[in-house]
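Asks: fold the following and give me the result.
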Amino acid sequence: MKNYEEQQAWSLTFSIFQMINQKDLFEKAQREITGYTRKYQAYVKEKFSNLWFEESITRIYDHLEKELTQKECDNLEFLFLPKKIGKRKLEEFKGLGRQRSSSS
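Replies: Next up, the predicted model:
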């Protein structure tokens with residue numbers, strides 16, 4: 001498998017998304033690379049950190065339902081993405097994903 005630098009990997013990703021006509025994934029990837037995600041993460045953490053420590057859970061959900069815009073809801077998933085993009089170590093758990101043949 002060929003290794004790519006970050007910018008090359010993003011370029012390849014964008015071209016694949018365009019080839020398979022995945023406009024929504026293309027736009028998500030663009031937001032990720034432009035730094036919008038980091039700004040949004042900081043905004044949401046700041047907005048809700050005081051509520052989290054000072055208010056009850058019920059009050060937090062009330063706030064989410066009333067004040068989040070659709071765009072904020074759509075982007076909330078980005079809050080918990082990994083900080084760095086790169087190789088991730090995969091762990092193998094014995095017995096998972098393996099199938100035994102009936103002749104064993």
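
Asks: what's the mean pLDDT across the host helix or strand of residue 49?
Replies: Assessed by DSSP states H and E, residue 49 sits inside helix 36-54. If you average the pLDDT over helix 36-54, you get 72.

Asks: and stretch 12-23, by the same measure?
Replies: On average, stretch 12-23 scores 84.

Asks: how about it: buried residues?
Replies: Neighbour-count burial for stretch 12-23, counted by 16 or more other CB atoms under 10 Å, picks out 13, 17. For every residue, glycine as well, the C-beta is placed using N, CA and C.

Asks: and the contacts of it?
Replies: For stretch 12-23, contacts defined as CB atoms under 8 Å, 6 or more residues apart in numbering pick out 4, 25, 26, 29, 30.

Asks: could you list the domains of this protein?
Replies: 1-34, 36-80 (automatic domain parsing).

Asks: among the contacts of stretch 12-23, which ones are buried?
Replies: 26, 29.

Asks: in strands, which of the contacts of stretch 12-23 appear?
Replies: With strands taken from DSSP state E, there is no overlap with these.

Asks: adding distance to residue 36, write the contacts of stretch 12-23 out as a markdown table.
Replies: Shown next, in a markdown table, are the contacts of stretch 12-23 (distance: CB to CB, whole Å):
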| residue | distance to residue 36 |
| --- | --- |
| 4 | 22 |
| 25 | 15 |
| 26 | 14 |
| 29 | 11 |
| 30 | 8 |
